[in-house]
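S.K.: Provide a 3D model corresponding to the input given below.
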Amino acid sequence: MMYWYGDHVSGWGYGLGIISMILFWGLVVLVIVAAVRYLGRGGRPEPPAQHPTPPPPQASTAEQVLAERFARGEIDAEEYRRRLDVLHERTHPAATP
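M.R.: Got it, this is the predicted structure:
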């Protein structure tokens, strides 16, 4: 068969040969890496990565803050009951004539 430059491949032929060889061996390496990773997991596909978002912080009610202070020992039982009574009076005011 006759080529444009006698019986040799032209410059484009060498360039395409080199590029195709690099692509071929790159594909072979990728297949091997994918097979090793797949078999390393026992043949199970990896589940998609999920990043659970933490629930938004909820505002503490006055009673919760008071109970936390009592639990930490910042206030005693008498102070806790007195402040709790004040809170209940504000949320449920007595009917005035």
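S.K.: please make it C-alpha for all contacts and neighbour counts, starting now.
M.R.: Fine.
S.K.: check this protein for its longest helix and report it.
M.R.: Counting residues, the longest helix found in the chain (DSSP state H) is helix 11-40.
S.K.: for that helix, buried residues please.
M.R.: Of all the residues in helix 11-40, not one is buried under the rule 16 or more other Cα atoms under 10 Å.
S.K.: how close does Val29 get to Leu23?
M.R.: 10 Å (Cα to Cα, to the nearest Å).
S.K.: touching both of those two, which residues are there?
M.R.: Taking Cα atoms under 8 Å, 6 or more residues apart in numbering as the contact rule, Val29 and Leu23 have no neighbour in common.
S.K.: just checking, what packs against the helix or strand that the longest helix of the chain is followed by?
M.R.: Using DSSP states H and E, the helix or strand that follows helix 11-40 in sequence is helix 62-72. Judged by 3 or more Cα pairs under 8 Å, 6 or more residues apart in numbering; DSSP states H and E, helix 62-72 is in contact with helix 77-91.
S.K.: identify each buried residue in the helix it packs on, please.
M.R.: Across helix 77-91, burial judged by 16+ other Cα under 10 Å covers Tyr80.
S.K.: state the mean pLDDT of it.
M.R.: On average, the pLDDT along helix 77-91 is 88.
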